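In: Please find the sequence and the predicted model below.
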Amino acid sequence: MENHKKLAHLLDVTQCVGCSACIVACAQTNYPDMLNAENTGWESLPANIRRVSAELARRPVELLVQCQQCENAPCITVCPFGANSHDPETGQVKTDPSRCVGCGYCVTACPYDARWMHPKTGLPVKCMGKGCESLLKAGKDPACVAACPASARAFGDINDPSSAISQRLQHGRSERLMPQKGTRPNFFVVVNK
């Protein structure tokens, strides 16, 4: 069955000011009970976004990385219990906690280091936590997009040419991270206007 939508994230590094508002918004929206804790693997707030240094368009940049919502997602293929799958309506990678045993294979398999183990549940988590899922169901943007003061983020259906994300992709040069991995990510980084 073909997806009706293909939801994707966009990060425009030409507009990002590095303020971390998206990281704070993610933590407040998805993990409010852990705001005084730290995601020890990433040494930051417990959020689904982490700061990394990378090279794009042949220059070093600071990136804010999260789940790439890959079409060929290693976290799906590696799970021995079928706990990870694509949502048939949106194309997003989802985890079914009732099927997950917390083995962490999906965390290890992610080439983007975009998953982490929740210290209280022992289950893997990733971008599109319960708080952001509620926002989407209400017709709103994810917390990271809504919080960005520089409009450096966008989210939406890239199968809809009139969507805001599609329009931004048409007017800037973008790259996908680690194309050599063959994951076909749905996370776009605008590197030039």
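Out: Here it is on my side, so go on.
In: in this protein, which segments are predicted with low confidence?
Out: 1-3, 57 (pLDDT under 70).
In: for it, what spans make up the helices?
Out: Counting by DSSP state H, the chain has these helices, from start to end: 21-30, 74-78, 105-109, 130-137, 143-147, 164-170.
In: Give me the distance from the fourth one to the chain's centre.
Out: What that stands for is helix 130-137. Centroid separation between helix 130-137 and its chain, computed with Cα atoms, centre = their mean, to the nearest Å, is 14 Å.
In: Repeat that for the third one.
Out: Computed by Cα atoms, centre = their mean, the chain-centroid distance of helix 105-109 equals 15 Å.
In: quick one: contacts of that helix?
Out: The contact list for helix 105-109, computed with Cβ atoms under 8 Å, 6 or more residues apart in numbering, reads 74-80, 83-84, 95, 115-117, 124. Heads up, the C-betas are built off the backbone N, CA and C, glycines and all.
In: can you map out the strands along the protein?
Out: In the chain, the strands defined using DSSP state E lie at 7-12, 50-56, 59-65, 84-86, 93-95, 116-117, 124-125, 153-157, 173-176, 187-192.
In: returning to what we had before: redo the helices of the chain as JSON lines? Include mean neighbour count and distance to residue 190.
Out: Putting the helices of the chain into JSON lines (neighbours: other Cβ atoms under 10 Å; distance: least, Cβ to Cβ, whole Å) gives the following:
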{"stretch": "helix 21-30", "mean neighbour count": "22", "distance to residue 190": "15"}
{"stretch": "helix 74-78", "mean neighbour count": "18", "distance to residue 190": "25"}
{"stretch": "helix 105-109", "mean neighbour count": "18", "distance to residue 190": "27"}
{"stretch": "helix 130-137", "mean neighbour count": "15", "distance to residue 190": "21"}
{"stretch": "helix 143-147", "mean neighbour count": "22", "distance to residue 190": "14"}
{"stretch": "helix 164-170", "mean neighbour count": "16", "distance to residue 190": "7"}
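In: Of all those, which one is nearest residue 183?
Out: Shortest distance between residue 183 and those, using Cβ to Cβ, is found for helix 74-78: 6.5 Å.
In: and the closest one, what does it pack onto?
Out: With contacts taken as 3 or more Cβ pairs under 8 Å, 6 or more residues apart in numbering; DSSP states H and E, helix 74-78 sits against strand 84-86, helix 105-109.
In: Show residues contacting it.
Out: Counting by Cβ under 8 Å, 6+ apart, residues outside helix 74-78 touching it are 84-86, 93, 105-111, 115, 124, 126, 181, 183.
In: Between these, which sits nearest residue 27?
Out: Taking those together and measuring to residue 27 by Cβ to Cβ, the closest member is residue 126, at 14.0 Å.
In: I'm done for today, thanks for sticking with me.
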